[in-house]
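Peer 1: below is the sequence, then the predicted model.
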Amino acid sequence: MEFLYRSTRNADETATASEAILKGLAEEGGLFVPDEIPALGVPFDVLATMDYKQVAFEVMSRMLTDFTEDELHYCIDGAYDKKFDTDLIAPVKYHHGAYILELFHGKTIAFKDMALSILPYLMTTAAKKNGIDKEIVILTATSGDTGKAALAGFADVPGTRIAVFYPKSGVSPIQEKQMVTEKGKNTFVAGIKGNFDDAQTGVKKMFQDKALAKELAEKGFQFSSANSINIGRLVPQIVYYVYSYTRLIAAGTIKAGDEVNIVVPTGNFGNILAAYYASLMGLPVHKFICASNDNKVLYDFFTTGKYDKNRDFILTTSPSMDILISSNLERLIYRIAGNDAEKNSELMKELSEKGSYEITDEMKHSLFKFYGNYANVEEVADTIRKVYDEDGYVIDTHTSVAVAVYDKYKEETGDDTPTIIASTASPYKFTRSVMTAIDAEYDSMEDFELVDKLEELSAVKVPAAIEEIRTAEVVHNTVCEKDEMEKVVKDFLGI
């Protein structure tokens with residue numbers, strides 16, 4: 001059954017799945033959400049016999065209803081292939097009393113690969129379906145991981161160009177080197193003098209600029225997004241929560257229908273929103289545990305019902321979560337407001353004008369399945385060391401935020417529900433923070449010495465993504481002010 005996607009800020013603006021993917025962002029800054037969430041409709045016992053690609057098809061065919069079976073199989077087969085270093089795509093491993101869902105086995109060793117490996121296929125297929133003859137310009141802000149994953153996905157894809165903005169002083173050295181060494185001829189990378197929220201705001205401003213859109217159209221271009229504001233990013237993320245649940249069934253750990261907790265380290269809220277959407281499709285979830293770092297705007301929201309970005313922006317050892325404006329939270333707000341675009345729009349206007357908004361008691365009650373907490377930099381380091389000391393398993397700083405928050409949740413509640421923890425990045429992306437957490441003496445070593453030492457400690461081979469950048473040449477060296485973003489995009493496009 002085909003259904004439409006609708007803007008969170010304008011009930012009259014609708015799009016098919018393929019149109020929503022092409023547009024990225026709705027008019028007036030709204031996000032596209034499905035008019036209804038379809039049931040999975042396949043027994044979990046049956047899904048447990050399937051591999052990742054087969055589960056992906058069952059989930060995505062229900063959400064992307066104007067794609068044909070052949071089109072979806074083409075996209076899925078192209079995405080989840082040998083670019084992942086394990087045939088399982090997303091292995092589940094038991095450590096520290098929980099099931100660690102490893103989402104970092106793709107080309108850029110972060111969870112963003114799970115969706116950004118397929119988004120270029122979805123987008124180019126959508127362009128053909130809709131008769132688009134313009135060159136698609138992917139415009140993306142990144143807090144570290146989306147940037148390289150999007151660059152890798154769209155590099156040299158015909159009919160596309162991609163421009164990525166990142167906070168110049170707000171990503172890890174490995175993350176930065178991954179981006180600035182990208183060789184794709186259709187790629188552009190710029191560091192901005194500001195934080196991730198500045199980059200994200202600048203990108204959204206360009207999307208909403210109708211005069212700019214007209215100017216681009218006259219030159220044969222149209223913007224789209226690879227950020228999680230694009231529904232084509234969000235839908236593939238639903239897959240791995242369904243998949244991980246079925247792996248626990250296949251292993252005999254749980255029975256079909258048993259509830260699980262899901263813990264997600266999150267700043268922009270898209271990754272945990274995908275878990276929530278999975279539950280609306282039928283995944284039995286007891287609690288969604290939202291783990292924040294020192295930038296604990298989401299923890300405060302779930303605790304008080306007030307979202308307030310008026311606070312200091314803190315640079316932490318988990319930089320991909322250093323975010324104060326959680327774009328994807330809007331999709332949840334829209335839903336708990338009763339799919340009321342007008343109410344949601346009012347709250348987003350308050351956020352834009354005052355930097356804060358507060359939900360009603362009724363809306364807050366709708367969030368009873370969500371638990372929020374946070375871990376500071378010291379707790380993150382302590383947790384990395386604790387998990388390593390237990391059994392030699394090394395986690396990155398973002399996964400450590402999740403594990404630390406899960407420990408707090410268990411201590412507070414005594415809840416022993418089987419729990420899946422989203423492990424969002426390889427420790428190799430954050431070697432210095434990870435290695436100095438294990439032993440402060442490692443801080444005296446050079447970055448790539450630390451990489452080799454981590455291989456020795458973890459018994460996990462250095463990923464190809466890291467080997468590639470050891471001696472790679474810097475291709476992109478643009479640094480700009482946050483109010484120069486439009487100018488550098490025009491320069492990149494030659495207009």
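Peer 2: Structure received.
Peer 1: which strands and helices sit next to the helix or strand where Gln222 lies?
Peer 2: Using DSSP states H and E, Gln222 falls within strand 221-224. Judged by 3 or more CB pairs under 8 Å, 6 or more residues apart in numbering; DSSP states H and E, the packing partners of strand 221-224 are helix 17-23, strand 135-141, helix 210-218. (Each C-beta comes from the backbone N, C-alpha and C, glycine too.)
Peer 1: how about the contacts made by the nearest residue to Leu324 once chain neighbours are set aside?
Peer 2: Nearest non-adjacent residue to Leu324, counting by CB to CB, 6 or more residues apart in numbering: Lys309, 4.3 Å away. Residues near Lys309 by CB atoms under 8 Å, 6 or more residues apart in numbering: Asp197, Val297, Leu324, Ile325, Leu351, Gly355, Ser356.
Peer 1: what do you get for Ala250?
Peer 2: Ala250 makes contact with Ala48, Thr49, according to CB under 8 Å, 6+ apart.
Peer 1: using PDB, write out every CA atom in the helix or strand hosting Glu362.
Peer 2: Using DSSP H and E, Glu362 maps to helix 361-365. What follows is helix 361-365 as a C-alpha-only set of coordinates in PDB (Å, rounded to 0.1, in the frame of the first residue of the first chain):
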ATOM      1  CA  ASP A 361       2.100  17.600  30.200                       C
ATOM      2  CA  GLU A 362       0.100  15.400  27.800                       C
ATOM      3  CA  MET A 363       3.000  15.400  25.300                       C
ATOM      4  CA  LYS A 364       5.500  14.600  28.000                       C
ATOM      5  CA  HIS A 365       3.400  11.600  29.200                       C
END
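Peer 1: now do the buried residues in it.
Peer 2: Judged by neighbour count (16 or more other CB atoms under 10 Å), helix 361-365 contains these buried residues: Met363, Lys364.
Peer 1: same deal with stretch 436-452?
Peer 2: Buried residues in stretch 436-452, counted by 16+ other CB under 10 Å: Thr436, Ala437, Ile438, Tyr442, Met445, Phe448, Leu450, Val451.
Peer 1: if I read this right, Gly30 contacts Asp12, doesn't it?
Peer 2: No. Using CB atoms under 8 Å, Gly30 is not in contact with Asp12, being 10.9 Å away.
Peer 1: thinking again about what came up before, any idea how far Ser356 is from the residue nearest to Leu324?
Peer 2: Here the criterion is CB to CB, to the nearest Å. By it, Lys309 lies 7 Å from Ser356.
Peer 1: who's in contact with stretch 271-287?
Peer 2: Applying CB under 8 Å, 6+ apart, the contact partners of stretch 271-287 are 37-40, 59, 62, 111, 228, 234, 237-238, 241-242, 245, 257-262, 264-266, 288, 290, 328-329, 331-332, 369-371, 409, 415, 417, 422, 424.
Peer 1: so which of those sit within helices?
Peer 2: Judged by DSSP state H, the contacts of stretch 271-287 include Val59, Arg62, Leu234, Gln237, Ile238, Tyr241, Val242, Tyr245, Leu329, Arg331, Leu332, Tyr409 as members of helices.
Peer 1: widest-spaced pair of those?
Peer 2: Using CB to CB, the pair of the ones in helices among the contacts of stretch 271-287 lying farthest apart is Arg62 and Tyr409, separated by 30.7 Å.
Peer 1: surely Ile132 is within a helix?
Peer 2: No. The assignment for Ile132 (DSSP: H, G, I helix; E, B strand; the rest coil) gives coil, which keeps it out of a helix.
Peer 1: give the contact list for it.
Peer 2: Contacts of Ile132 (CB under 8 Å, 6+ apart): Leu22, Ala126, Gln222.
Peer 1: likewise for Met60?
Peer 2: Neighbour list for Met60: Phe67, Leu72, Ile76, Val235, Pro236, Ile238, Val239 [criterion: CB under 8 Å, 6+ apart].
Peer 1: burial of the closest residue to the fourth one other than its chain neighbours, as a residue count?
Peer 2: Think Val235. Counting by CB to CB, 6+ apart, Val235 lies nearest to Met63, which is 4.6 Å off, once chain neighbours are set aside. A count of nearby residues for Met63, using other CB atoms under 10 Å, gives 21.
Peer 1: could you do the one 5 residues further on as well?
Peer 2: Other residues near Thr68 number 11, with proximity taken as other CB under 10 Å.
Peer 1: confidence score at it?
Peer 2: Note on Thr68: pLDDT of 97.
Peer 1: quick one: it from Ile136, how far?
Peer 2: In this view, Thr68 and Ile136 are 21 Å apart by CB to CB.
Peer 1: repeat that for Ser172.
Peer 2: As for Ser172, its distance to Ile136 is 29 Å (criterion: CB to CB).
Peer 1: before we move on, what about Asp382?
Peer 2: Computed with CB to CB, the distance linking Asp382 and Ile136 is 45 Å.
Peer 1: who's more crowded, these two?
Peer 2: Ile136 (23 against 15).
Peer 1: what's across from that one in the sheet?
Peer 2: For Ile136, the beta-bridge partners under DSSP bridges are Thr160, Gln222.
Peer 1: any idea how far it is from Ser423?
Peer 2: 32 Å.
Peer 1: quick one: neighbours of Val479, just the number.
Peer 2: Using other CB under 10 Å, Val479 has 12 other residues around it.
Peer 1: please disregard the earlier target; I meant Pro463.
Peer 2: By other CB under 10 Å, 20 other residues sit near Pro463.
Peer 1: who touches it in this structure?
Peer 2: Counting by CB under 8 Å, 6+ apart, Pro463 touches Asp85, Ile109, Ser426, Tyr428.
Peer 1: which one (most neighbours) among these?
Peer 2: Highest neighbour count within these: Ser426, with 31 neighbours (other CB under 10 Å).
Peer 1: who's in contact with that one?
Peer 2: If you count contacts by CB under 8 Å, 6+ apart, Ser426 has them with Phe104, Ile109, Ala110, Asp396, Pro463.
Peer 1: what's the pLDDT at it?
Peer 2: pLDDT recorded at Ser426 is 97.
Peer 1: how close does it sit to Lys461?
Peer 2: The gap separating Ser426 from Lys461 is 11 Å, by CB to CB.
Peer 1: Met50: neighbouring residues, count only.
Peer 2: Applying other CB under 10 Å, we find 17 residues neighbouring Met50.
Peer 1: I figured it was touching Ala56, is that so?
Peer 2: No. Distance between Met50 and Ala56: 9.2 Å, which falls outside the contact criterion (CB under 8 Å).
Peer 1: overlap in contacts, the two.
Peer 2: Here Met50 and Ala56 have no joint contacts, going by CB under 8 Å, 6+ apart.
Peer 1: need the pLDDT of Asn227.
Peer 2: On the pLDDT scale, Asn227 is placed at 85.
Peer 1: show me what the nearest residue to it once chain neighbours are set aside is bridged to.
Peer 2: Among residues not flanking Asn227 along the chain, Thr140 sits closest, at 5.5 Å (CB to CB, 6+ apart). Note on Thr140: beta-bridge partners Val164, judged by DSSP bridges.
Peer 1: ok, Thr140 - contacts?
Peer 2: Counting by CB under 8 Å, 6+ apart, Thr140 touches Thr146, Gly147, Ala150, Ile162, Ala163, Val164, Phe165, Val203, Ser225, Ala226, Asn227.
Peer 1: can you tell me how far it sits from Ile336?
Peer 2: Plainly put, Thr140 is 28 Å away from Ile336 if you go by CB to CB.
Peer 1: how much space separates Phe207 from Leu122?
Peer 2: Going from Phe207 to Leu122 by CB to CB gives 19 Å.
Peer 1: am I right that Gly372 is in contact with Val297?
Peer 2: No. If you go by CB under 8 Å, Gly372 and Val297 don't touch, sitting 9.9 Å apart.
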